[in-house]
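Q: This is a predicted model, with the sequence first.
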Amino acid sequence: MDEKSQIIYMQTRLTRLAAEHWNMALPQVASLFEEKGVYHYIAKMWDLFHVEGDLAVLDDVKQYLDAKGVACG
C-alpha cells in the first residue's frame, strides 16, 4: 500500500475510533474533522503517527481539537 493510501486508511480508522470513543455519529465526526482540519493534520503528521497506535493518535487529535476550542470525548 502506498503512503497516500495508508494516510487515507488511518484517517478512516480514526474517524471510526473517534465516533466510538466520543459517542458521536460517524457523519458528525467526519464533518468535525473536515471543518477543523483534522484530516489535513493527520496527513501532515503521518511520519510520526504511522509508528504510534491508533489510541495514541486519537489522543493527539483530541489535544489538537481541544487547542482549537472544540470539546470532544
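A: Alright, I've got the coordinates.
Q: what residue is smack in the middle of the chain?
A: By Cα atoms, centre = their mean, the chain has its centre lying nearest to Leu14, at 4.6 Å.
Q: dump the residue contacts of that residue.
A: Applying Cβ atoms under 8 Å, 6 or more residues apart in numbering to Leu14 gives the contacts 33, 38, 42, 54, 57-58, 61. No exception for glycine: its C-beta is placed from N, CA and C like everyone else's.
Q: Reformat the residues you listed as a markdown table; add pLDDT.
A: Converted to a markdown table, the contacts of Leu14 look like this (pLDDT from 0 to 100):
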| residue | pLDDT |
| --- | --- |
| Phe33 | 97 |
| Val38 | 97 |
| Ile42 | 96 |
| Asp54 | 93 |
| Val57 | 95 |
| Leu58 | 96 |
| Val61 | 96 |
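Q: sorry, back to before: give me the distance between the residue nearest to the centre of the chain and Ser5.
A: 15 Å (Cβ to Cβ, to the nearest Å).
Q: follow-up on the earlier one: from the contacts of Leu14, which ones fall inside helices?
A: Under the assignment DSSP state H, the contacts of Leu14 contribute 33, 38, 42, 54, 57-58, 61 to helices.
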